[in-house]
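[1] Below is the sequence, then the predicted model.
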Amino acid sequence: MKARSIKGKTTDEIQSLLQQTMNDGFNPTLAIVFVSVKHDRNALQKIFSDAGIVIFGVTTNGDFVDEDIERETASILLLDVNTSYFTVLLEEYPNKNYREVAASMAKKTLQKIKRPAFLIAGSHMETDAEQLLFGFADVTGEDVNIHGCMAGDDFAFHEQFVFTNDKETNRGIVMVAFDENKMQIKGRATCGWHAVGTVRTVTKSEGNHVYTVDDVPVLDLTAKYGGLQIKEASDFSVEVASQFPLQMQRAKGDPVMRPGLLIDWNDHSFYCSGAVPQGSKIRFSLPPDFDVIEKVINACEDLKATEMHEADAVIIFSCAGRFIALGPLVNEEIEGMRKVWNVPMVGMFSNAELARATGGNLEMHNLTACVVVLKEN
């Protein structure tokens with residue numbers, strides 16, 4: 001499989017770069033398109049459709065080719081791969097029947113590909129992304145190879161989109177399934193945030209709404225461990241959430257990050273980015289330092305050494321919270337990940353990351369860097 005990556009700020013620039021990459025006989029059949037919500041997606045759809053290239057498209061909170069991070073751009077990975085080796089589907093879930101929709105997509109995939117591995121992306125802040133993962137697992141088995149993200153919208157947290165050649169949706173899922181008999185796909189999801197303090201128990205929660213931890217309002221405990229003065233809404237922001245998230249402990253696999261994103265000031269509870277079941281064991285986190293970056297790069301190096309010695313292309317789903325918390329250091333993280341395989345790469349900053357926790361289960365992650373490596377057999 002041949003792969004090349006391009007990046008542009010305007011539709012005309014993307015069209016010109018696409019033509020340049022194809023002048024020497026390179027014939028891409030699939031485009032992984034990560035794009036600002038401000039771009040003209042209809043124009044992009046026409047460019048790739050006219051060229052006979054299938055689109056897996058997602059709006060972002062920023063995107064990158066190699067370590068070149070910019071906002072309000074389009075970063076695109078072009079793959080020249082046999083069209084019988086993959087299929088792309090897009091479905092909506094207006095009735096919030098996430099698991100049912102994902103299972104239906106998996107069933108359609110199995111009609112074409114008997115041993116699929118999936119890249120998926122969902123849109124809308126209300127989406128229960130883990131139900132999407134479970135829907136695929138219901139049909140293809142618990143060991144399904146699946147990675148992905150939730151779309152962004154340049155940090156507006158208002159309306160996100162996924163799209164393919166002829167359709168887009170602000171409340172749905174786009175999927176590309178690869179034939180694992182023809183393609184190798186491996187991935188790692190790594191966070192690296194350090195835990196602090198003793199293990200504590202979530203004593204009251206409903207879904208992603210956490211009320212108390214050890215019978216104390218969760219906001220008050222967060223403020224205590226972070227040394228914060230949080231007295232009104234203006235004191236709490238995405239920056240605070242990304243610096244001091246909860247770490248939900250697992251009996252199997254690494255902890256899963258659950259930052260608080262919306263406070264209920266009536267009782268000092270908050271809504272996390274994903275489910276935190278009552279009775280869960282949690283620890284608080286320290287702000288990130290350079291060691292966080294080293295953990296992500298080391299995870300990539302271990303993946304290369306143990307599972308994926310060579311690659312044709314690399315895709316990265318990195319949390320928008322990492323962009324905020326790490327600041328300029330995020331460039332070093334992405335550069336370190338790129339250098340592990342040194343092949344064409346594309347990436348984006350997402351609202352959530354979807355993958356199997358290291359040594360664990362399929363889950364929705366936050367503040368996590370998920371690397372996906374592709375190679376044709």
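    Happy to help now that I have it.

[2] Assign Q184 to helix, strand or coil.
    Three-state assignment for Q184 (DSSP: H, G, I helix; E, B strand; the rest coil): strand.

[3] biggest strand in the protein, by residue count?
    Of all segments of type strand in the chain, defined using DSSP state E, the longest is strand 195-206.

[4] Would you pull up how far that one lies from the middle of the chain?
    25 Å (CA atoms, centre = their mean, to the nearest Å).

[5] quick one: least confident helix or strand in the chain?
    None of the helices or strands of the chain scores lower by mean pLDDT, DSSP states H and E than helix 238-243, at a mean of 63.

[6] now for the following helix or strand past that helix, which elements pack on it?
    Where DSSP states H and E defines the elements, the next helix or strand beyond helix 238-243 is strand 246-248. Of the remaining helices and strands, those touching strand 246-248 by 3 or more CB pairs under 8 Å, 6 or more residues apart in numbering; DSSP states H and E are strand 256-258, strand 281-285. C-beta: built from backbone N, CA, C; applies to glycine.

[7] domain parsing for this structure?
    2-190+291-376, 195-285 (automatic domain parsing).

[8] Output those domains as TSV; include the columns mean neighbour count.
    As requested, those are arranged in TSV below (neighbours: other CB atoms under 10 Å):
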stretch	mean neighbour count
domain 2-190+291-376	20
domain 195-285	17
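
[9] quick one, longest helix in this protein?
    Scanning the chain for the longest helix, with DSSP state H as the assignment, gives helix 290-306.

[10] picking up where we left off before, give the pairing partners of the longest strand of the chain; include direction for each.
    strand 209-213 (antiparallel), strand 281-285 (antiparallel) (DSSP bridges).

[11] follow-up on the earlier one: and of the helices and strands packed on strand 246-248, who's closest to L133?
    Closest to L133 of the helices and strands packed on strand 246-248 is strand 256-258 (CB to CB; 12.6 Å).

[12] Next, the angle from the very next helix or strand once past that closest one to strand 209-213.
    Downstream of strand 256-258, the first helix or strand assigned by DSSP H and E is strand 260-264. Orientation check (axes from the mean of the first three to the mean of the last three CA atoms, to 10 degrees): strand 260-264 against strand 209-213 gives 80 degrees.

[13] ok, and the closest non-adjacent residue to L329?
    Excluding its sequence neighbours, the residue lying closest to L329 (CB to CB, 6 or more residues apart in numbering) is I293, at 6.1 Å.

[14] got the contact list for that neighbour?
    Counting by CB atoms under 8 Å, 6 or more residues apart in numbering, I293 touches 192, 326, 329, 332-333, 336.

[15] Between which two of those residues is the distance greatest?
    Checked with CB to CB, those reach their widest spread between G192 and E332, with 13.0 Å between them.

[16] How about G260, nearest residue that isn't a chain neighbour?
    In space, and not counting its chain neighbours, G260 is closest to F270: 3.6 Å by CB to CB, 6+ apart.

[17] I'd like the distance between that neighbour and V276.
    10 Å (CB to CB, to the nearest Å).

[18] which regions of this protein lie under the pLDDT threshold?
    Residue ranges of the chain with pLDDT under 70: 230-242, 253, 273, 287, 357-360.

[19] Please enumerate the helices of the stretch 251-377 of the chain.
    For the stretch 251-377 of the chain, the helices defined by DSSP state H, counting those that start in this stretch occupy 290-306, 320-326, 329-341.

[20] From the contact counts, what lies against the helix or strand containing A103?
    Per DSSP H and E: A103 is located in helix 98-110. When contacts are defined as 3+ CB pairs under 8 Å, 6+ apart, helix 98-110 packs onto strand 86-92, strand 116-122, helix 129-140, strand 172-179.

[21] which one of these lies closest to N61?
    Relative to N61, the nearest member of these by CB to CB is strand 116-122, separated by 12.9 Å.

[22] Direction-wise, compare that closest one with strand 172-179 and give the angle.
    Interaxial angle, strand 116-122 versus strand 172-179 (the same axes, to 10 degrees): 160 degrees.

[23] Pull the residues that contact strand 116-122.
    With CB under 8 Å, 6+ apart, strand 116-122 has contacts from 32, 56, 58, 102, 106, 109-110, 129, 132, 136, 140, 144-151, 162, 172-180, 183, 185, 315, 354, 372.

[24] same thing with stretch 31-38?
    By CB under 8 Å, 6+ apart, the residues outside stretch 31-38 that reach it are 41, 44, 48, 53-60, 62-63, 71-79, 119, 152-154, 156, 159-161, 163, 176, 315, 346-348.
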